[in-house]
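Enquirer: Have a look at this fold, sequence not included:
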Ligand SMILES: Nc1ncnc2c1ncn2[C@@H]1O[C@H](COP(=O)(O)OP(=O)(O)OP(=O)(O)O)[C@@H](O)[C@H]1O
């Protein structure tokens, strides 16, 4: 009993989830009127298709009666009528298909854009990756790329396809149950001396046939839901690992890591195949059943109605009409059996998008971490900032630190003490931060962080240099001057060359390209995290001289993280990360 209740609850929860995911498009999106129009047209075409089936069913009776009576005139007239009925049916079928596909496409477009916006907003794409490897309770769903690329497609096509299929089945059922009921006659038998008459006998037989079928299909096909869910995950993990091997191809080749990677890939692919085998075994059982069930359905109505035909109670036309109406009723009632696979996949995809959705909501709930005020003064005031590790352990505390125009600060401390995390906290991307900051009014627009590993999009060098702004914002001369100043004179002539710059350029060249980006954009508040570590000391000194000159010209400040003693000379102040008290964060910042 409790199992039954929990099943109903699971079904209700699934319906609620599918509803929650679907409604925004039809109720609130900017595309809602077109969507509703398409939906209405598809519903009408579905109803039209059922109406055509009713007409064809009636046609069956007249046509077969004409055959039995050897009435050639009626035979030819009915063939003519068939042509017209069949043509209308074909037109409806074509437009039903076309408009359904159009609706699915528009809906997918809207959902994909909507989820891409949410994923990229407020650094959520970054925070999701951070949280994934933390040991906190509920990790975000795996492979967001797959959610966005594949699940949106699956969800929209299953939702439209299956709900229209269900509508079709219900309307067909209602239309043909009446026909079948009228044609059925009643079935009489004597039980304990009393005569019992069952009206609509064929309808009851159809219902019995399909209830038994649906229940059996459910029990046979049930494991598919979980297996489908897992299959998607295993496939995505396998693909993800392949992409990583491609991305880190050089490091792996230098480490001679091919063997390990091959084994890792083999393990992931074995998961894919193992689960797939289980899935197809379950599917095989279901195919056994649905085929047997479908074949039996062809002869079943003849067997049940034959006695009335042989007794002369009905003609051949009526027998054929009964068979065709039974076929329709049975087809409608078997909707569940026939679509078991798809329903299972629909549930899996709905669950995946819902968990993706929930992780957005959870991240959103944590947003106050990024709160900061605008400073009345033109300076960065870190009144208090506590940074923790993903597991919750307190890592670093800063109190009463200040960066004013003209400042140059070197941040020093042991490796792993939280220097980069301090920058992440200042940039407002670290989710485990409690911040009481006052920032200058132009901080958002004019602060720039140079990370240890800069990112360059594949494409023309000018796009990589100007990223994330459009390259068109800068003239050739500006771009070339920035490259020259950042000690990359050889690249000056290659502004329009398309390439994978993060693979083609050496580590030091990539760092100089990131510095060229800073020189191009002229930030006021510049944060440099080991961004010159791959340069030789002479080049590092030249670069620092230029960065210093840059921020001085902007009346800004330079804050650097660097281990090399040579860099210290370019900074007037030090912030040192020192071990904290035993009961507090691991490190505290001593400002100087
Ligand atoms: N995504 C993460 N998940 C878990 N721990 C992290 C994550 N990012 C950083 N940490 C941990 O936070 C601590 C501080 O890291 P951070 O990169 O800020 O150190 P750092 O002082 O800049 O080190 P280095 O000088 O080696 O670059 C380290 O112990 C690191 O392992």
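Expert: Okay, I see it. All figures in this text were calculated on a predicted structure; none of them were measured in a lab. Numbers count the residues shown, from 1 in each chain.
Enquirer: C-alpha only now, for contacts and for neighbours.
Expert: Noted.
Enquirer: mind listing what the nearest residue to residue 238 once chain neighbours are set aside touches?
Expert: Distances taken as CA to CA, 6 or more residues apart in numbering place residue 268 nearest to residue 238, at 5.4 Å, with adjacent residues excluded. Listed by CA atoms under 8 Å, 6 or more residues apart in numbering, the contact set of residue 268 reads 234, 237, 238.
Enquirer: could you point out which element follows the helix or strand that residue 268 is a member of?
Expert: Assessed by DSSP states H and E, residue 268 sits inside helix 258-310. Later in the chain than helix 258-310, the nearest helix or strand by DSSP H and E is helix 316-333.
Enquirer: Residue 437 contacts residue 381, correct?
Expert: Yes. The criterion here is CA atoms under 8 Å, and residue 437 meets it with residue 381 at 5.8 Å.
Enquirer: on that earlier part again, can you say which of the contacts of residue 268 are buried?
Expert: 234, 237, 238 (16 or more other CA atoms under 10 Å).
Enquirer: doesn't residue 198 fall inside a strand?
Expert: Yes. Counting by DSSP: H, G, I helix; E, B strand; the rest coil, residue 198 falls inside a strand.
Enquirer: any idea of the pLDDT on the residue located most distally from the centre of the chain?
Expert: Of all residues in the chain, residue 193 has its C-alpha farthest from the mean position, at 65.6 Å, by CA atoms, centre = their mean. pLDDT recorded at residue 193 is 78.
Enquirer: For it, what are phi and psi?
Expert: Dihedral angles of residue 193 (phi, psi; degrees, to the nearest 10) stand at phi 80, psi 0.
Enquirer: For residue 568, which residues are in contact?
Expert: residue 410.
Enquirer: and the gap between it and the ligand?
Expert: 15 Å (CA to the nearest ligand atom, to the nearest Å).
Enquirer: And that residue, how close does it get to residue 402?
Expert: 19 Å (CA to CA, to the nearest Å).
Enquirer: what does residue 80 give?
Expert: With CA to CA as the criterion, residue 80 and residue 402 are 91 Å apart.
Enquirer: do residue 540 as well
Expert: Residue 540 is 26 Å from residue 402, by CA to CA.
Enquirer: can you check residue 71 too?
Expert: Taken as CA to CA, the span from residue 71 to residue 402 is 103 Å.
Enquirer: what does this protein have sitting close to the ligand?
Expert: Residues of the chain lying near the ligand by CA under 6 Å from any ligand atom: 130, 134, 389, 390, 415, 416, 417, 418, 419, 420, 421.
Enquirer: From those, which one has the minimum pLDDT?
Expert: Scoring those by pLDDT puts residue 134 last, at 57.
Enquirer: Where is pLDDT lowest across the buried ones among the contacts of residue 268?
Expert: residue 237 (89).
Enquirer: Excluding sequence neighbours, find me the nearest residue to that one.
Expert: Using CA to CA, 6+ apart, the nearest residue to residue 237 is residue 268, at 7.0 Å.
Enquirer: if you count what's nearby, which of residue 80 and residue 402 comes out ahead?
Expert: Each of residue 80 and residue 402 has its neighbours counted (other CA atoms under 10 Å); residue 402 has more, 15 against 11.
Enquirer: Quick check: the more buried one vs residue 377, distance?
Expert: 11 Å.
Enquirer: do the same with residue 356
Expert: For residue 356, the distance to residue 377 - CA to CA - is 41 Å.
Enquirer: now the residues of the chain next to the ligand: which count as buried?
Expert: Buried, going by 16+ other CA under 10 Å: 389, 390, 417, 418, 419, 420, 421, out of the residues of the chain next to the ligand.
Enquirer: Where does the second one sit: helix, strand or coil?
Expert: Under three-state DSSP, residue 390 falls in the coil class.
Enquirer: neighbours of residue 347, just the number please.
Expert: Neighbours of residue 347 using other CA under 10 Å come to 22.
Enquirer: tell me the contacts of it?
Expert: Contacts of residue 347 by CA under 8 Å, 6+ apart are 14, 225.
Enquirer: Need the three-state assignment for it.
Expert: Assigned with three-state DSSP, residue 347 falls in the helix class.
Enquirer: Could you check how far it is from residue 425?
Expert: Distance from residue 347 to residue 425, by CA to CA: 39 Å.
Enquirer: what does residue 293 give?
Expert: Residue 293 is 63 Å from residue 425, by CA to CA.
Enquirer: neighbour-wise, which of those two wins?
Expert: residue 425 (22 against 17).
Enquirer: Look up how far residue 357 lies from the closest residue to the ligand within the stretch 1-150 of the chain.
Expert: Residue nearest to the ligand within the stretch 1-150 of the chain: residue 130 (4.6 Å; CA to the nearest ligand atom). Separation of residue 130 from residue 357 (CA to CA) stands at 17 Å.
Enquirer: same deal with residue 552?
Expert: 45 Å.
Enquirer: cool, and residue 85?
Expert: Applying CA to CA to residue 85 and residue 357 gives a distance of 47 Å.
Enquirer: And for residue 339?
Expert: Going from residue 339 to residue 357 by CA to CA gives 26 Å.
Enquirer: Of these two, which one has the most company?
Expert: A count of neighbours by other CA under 10 Å puts residue 357 above the other of residue 339 and residue 357, at 17 against 14.
Enquirer: what pLDDT, on average, does the helix or strand where the more buried one lies get?
Expert: Element membership for residue 357, per DSSP H and E: helix 340-365. Averaging pLDDT along helix 340-365 yields 82.
Enquirer: Next, the buried residues of it.
Expert: 340-354, 356-357, 359-360, 363.
Enquirer: Distance from the chain centre to it, please.
Expert: 9 Å (CA atoms, centre = their mean, to the nearest Å).
Enquirer: Equivalent analysis for stretch 379-386, please.
Expert: Using CA atoms, centre = their mean, the distance from the centre of stretch 379-386 to the centre of the chain it belongs to is 38 Å.
Enquirer: if we look at it, which residues are touching it?
Expert: 375, 394-405, 425, 433-440.
Enquirer: List the buried residues in it.
Expert: For stretch 379-386, by 16+ other CA under 10 Å, it's 379, 380, 381, 382, 385, 386.
Enquirer: do stretch 7-15 as well
Expert: Buried residues in stretch 7-15 (16+ other CA under 10 Å): residue 14.
Enquirer: what's the answer for stretch 298-312, then?
Expert: Of the residues in stretch 298-312, those buried (16+ other CA under 10 Å) are 300, 301, 302, 305.
Enquirer: Quick one: the strands in this protein, in order.
Expert: Along the chain, the stretches classed as strands by DSSP state E are 186-191, 194-199, 373-374, 380-388, 394-403, 408-412, 433-439, 447-450, 459-460, 498-499, 525-529, 557-561, 573-579, 587-591.
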